[in-house]
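Q: Have a look at this fold, sequence not included:
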């Protein structure tokens with residue numbers, strides 16, 4: 001039996017990508033789902049992302065749009081997307097389509113045994129020296145502090161069973177959210193499966209994840225989550 005599926009895209013200034021992302025979601029979900037919805041989370045965009053999202057939603061009842069009045073961050077957008085998703089399988093990926101959505105077809109059978117299926121890049125992308133150092137330090141801390149043993153913590157392709165979405169206790173506003181999802185999964189005893197994916201580089205729009213302020217914010221949220229988990233354990 002084909003599952004019902006919610007897919008959501010956190011978007012900030014993605015007017016150049018939004019049509020392609022929604023079209024790709026329609027193409028794949030119409031093949032694998034008995035009923036689906038596409039949710040666009042407009043995180044306070046200053047371009048036409050929100051306007052285009054409203055137009056798409058007005059034209060098709062399977063498309064929904066959530067607006068943040070201001071740019072709150074990736075974590076807030078993902079939490080809004082998870083909270084708004086209504087179906088038994090929930091898919092999250094970025095608005096610039098970092099991988100082919102046909103990987104959903106590979107992920108669905110794995111949900112018979114796993115609670116979350118995540119993608120990992122099969123080839124490394126080119127990185128600056130600063131980002132390489134940050135990535136290695138970050139991954140070391142994530143594994144050491146939270147017991148996460150996966151190949152690619154931050155890749156934006158994650159597929160959830162409904163029960164996983166319901167038990168995750170997420171608070172991150174920023175880009176620590178991907179790690180928090182997996183740390184919470186480990187803490188809640190959820191089962192994680194991984195699939196290899198071919199990374200698709202961004203061709204339009206601008207990523208904000210490498211900005212120093214964003215990186216500082218990630219480490220700050222990591223520390224606050226670590227403290228919260230320690231207090232909870234006590």
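A: That came through, no problem. For clarity, every value in this text was computed on a predicted model and none was experimentally measured.
Q: What helices and strands are in contact with the least confident helix or strand in the chain by mean pLDDT?
A: Taking mean pLDDT, DSSP states H and E as the measure, the helices and strands of the chain show their lowest mean at helix 129-146, namely a mean of 81. Using 3 or more CB pairs under 8 Å, 6 or more residues apart in numbering; DSSP states H and E as the contact criterion, the neighbours of helix 129-146 among helices and strands are helix 177-187, helix 212-233. Where you see a C-beta, it was placed from the backbone N, CA and C, and this is true even at glycine.
Q: How far does stretch 109-120 stretch from one end to the other?
A: Terminal residues of stretch 109-120 are spaced 17 Å apart (CA to CA, to the nearest Å).
Q: which residues pair with the closest residue in space to residue 150 that isn't next to it in sequence across the strands?
A: Spatially, and ignoring its direct neighbours in sequence, residue 150 is nearest to residue 194 (6.0 Å; CB to CB, 6 or more residues apart in numbering). Listed beta-bridge partners, residue 194: residue 118 (assigned using DSSP bridges).
Q: now the least confident helix or strand of the chain against helix 212-233, angle please.
A: Taking axes from the mean of the first three to the mean of the last three CA atoms, to 10 degrees, one finds helix 129-146 and helix 212-233 inclined to each other by 10 degrees.
Q: Only the buried residues of helix 129-146, if you could.
A: Buried residues in helix 129-146, counting neighbours by 16 or more other CB atoms under 10 Å, are found at 134, 138, 139, 142, 145, 146.
Q: Distance of residue 47 relative to residue 13?
A: Residue 47 sits 5 Å away from residue 13 when distances are taken as CB to CB, to the nearest Å.
Q: Quick check: neighbours of the host helix or strand of residue 158 in the sheet, parallel or antiparallel?
A: In this structure, residue 158 sits in strand 157-161 according to DSSP states H and E. Here the strand partners of strand 157-161, with direction, are listed using DSSP bridges: strand 89-93 (antiparallel), strand 116-121 (antiparallel).
Q: which is the next helix or strand following the first one?
A: Same thing as strand 89-93. With DSSP H and E, the next secondary element past strand 89-93 is helix 103-110.
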